[in-house]
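[1] Here is a sequence together with a model predicted from it:
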Amino acid sequence: MKGAIISFSQKGFLLSARVEAVLAERGYEVQRAVKCRALAHSIEEPLSEWTGRNFAVQDVLIFVGAASIAVRAIAPYLRSKAEDPAVLVMDELGKHCIPILSGHMGGANELAVFLGRYLMADPVITTATDLNEKWAVDVFAVKNQLHMEDLKKAKSISARLLAGEEILLAAEEDCTVEGEIPPEVKICTVCELKNSPDILVGVHRYSRWKDALYLVPRKVVLGMGCRKGTEVSKIREAAKHLLCQNGISESAVAAVASIDLKAGEEGLLTYCRQEGLEFQVYSAGELKQAEGIFSSSEFVARSVGVDNVCERSAVLASGGRLIAGKQARDGVTAAAAVADWRVIFE
C-alpha cells in the first residue's frame, strides 16, 4: 500500500511525521510533503499538480489542514468509487480525522478509525450505514476481495438496508461463509434459490438472475495450451469463448496456467500481461500428479509427455476443481478450474 501526506504549516508538518510513522508500521510506503513559505523545505510544485500526480498512483492521500483545501484540490481528479483513492483530512492539531473520499471501497473510514486510535484523534465518520450500524455491501466486498460489478445496484441495496429491509444473499457451493451474519442479511446457497437474490456471490453469472448484484472472487484459473506462435488475439478469443460458454465471469479469472514448454510463449505472455493475470507453468511430471478425471489425448502425450495440459494445469494451479472442461478453438485449448474460497462477515 502506498500513501502521500501533505501539510501546510509547521504544526501540520510535525503532525504529518507522526502520521507517517503510524502508517509505516501498518506497512504503507509513505511520501511526505509540506507547502508552506515559512519552511525551507516547502515544495515548489503547485498543490493542484501534486494532488493530480499522487491521486493517480497512491492508495491514500492525507491532507493536514483545512478540509476546504483538500476538497478543492481533489475535485478535478475524481473518477468513481471503484477507482478513487482514500482521502482523509486532519487538522494541524490532530484533533479530528475526517475521511472525505472512498470511505468504504477505498478504506478511508477504517483508516480514520485506525489513525484516531494511535494519534488520539476523533474519527469523524459520516457515511449512513456506519452511523446507523448497518451492514455495508461495499465494505464487505473490499474486505473479502470481491469484484463488485454494479455500483448502482450496491447503492440501491444500501438504501434498502437503511430503510429497514432485509436482503437475500446467495453464495455458490464452493464458498464457505464465516463470521456473524447481520440480522438484516438472509443467507442461502445458489442451489436453494427459488427467487432472484439481491446479491449473488460467486464466479458464475446466471441469466435468470440478471437483476442481482454480483460479487465476484478472483478464484478461477484458466489452463491453456496453444500451437507455437499463436497470436494473442486467438488466445483471448479462446479464453472468452470458454468463459462465455460456461457462464463464468471474466472478473473471476486470476491466473493462466500451462506446461513449462510454454513458459516463453509470447501470445500467452502478452495475454496475461494485458489482462493483469499471473502466469504459472508446470513440468509434465507435475501435471501428471494433478488429481481428478481429465480428458486424454495420445497425441498430446507423445508431444509433451502428459495426456492433457489445459485441464491438469488449471486444477493444479487453482488447487480446486474443474468447472469447464477442455475446449479447442483456432489452435488454442482452454479449461477452467476454481479454488475453494470463503467470505467472512465481521
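    Happy to help now that I have it. Numbering: from 1, shown residues only.
[2] ok, Ser283 - contacts?
    By Cβ atoms under 8 Å, 6 or more residues apart in numbering, the contact list for Ser283 reads 259-260. From N, CA and C alone the C-beta is placed, and that goes for glycine too.
[3] again but with Ala334, I slipped
    Taking Cβ under 8 Å, 6+ apart, we find Ala334 in contact with 222-225, 238-239, 241-242, 310, 324, 326-327.
[4] Output the helix or strand where Cys272 lies as CSV, nothing but the C-alphas.
    In this structure, Cys272 sits in helix 266-275 according to DSSP states H and E. C-alpha atoms of helix 266-275 as CSV (Å, rounded to 0.1, in the frame of the first residue of the first chain):
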residue,chain,number,x,y,z
GLU,A,266,4.7,-14.8,-26.5
GLY,A,267,1.0,-14.9,-27.1
LEU,A,268,0.3,-16.4,-23.7
LEU,A,269,2.7,-13.9,-22.0
THR,A,270,1.1,-10.9,-23.8
TYR,A,271,-2.4,-12.0,-22.9
CYS,A,272,-1.5,-12.4,-19.2
ARG,A,273,0.3,-9.0,-19.2
GLN,A,274,-2.6,-7.2,-20.9
GLU,A,275,-5.2,-8.8,-18.6
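[5] So what touches the helix or strand just after that helix?
    Per DSSP H and E, the first helix or strand lying C-terminal to helix 266-275 is strand 278-282. Strand 278-282 is contacted from outside by 221, 254-260, 262-263, 268-269, 272, 312-313, 316-317, using Cβ under 8 Å, 6+ apart.
[6] So which of those residues sit within helices?
    With helices defined by DSSP state H, the entries of the contacts of strand 278-282 inside them are 268-269, 272, 312-313, 316-317.
[7] which of these lies closest to Ser102?
    Cys272 (28.6 Å; Cβ to Cβ).
[8] I'd say that closest one and Ala257 touch.
    No: Cys272 is not in contact with Ala257 according to Cβ atoms under 8 Å; the separation is 10.3 Å.
[9] picking up where we left off before, can you select the buried ones among the contacts of strand 278-282 for me in ChimeraX?
    Filtering the contacts of strand 278-282 down to the buried ones (16 or more other Cβ atoms under 10 Å) takes a single ChimeraX command:
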select :221,254,255,256,257,258,259,260,262,268,269,272,312,313,316,317
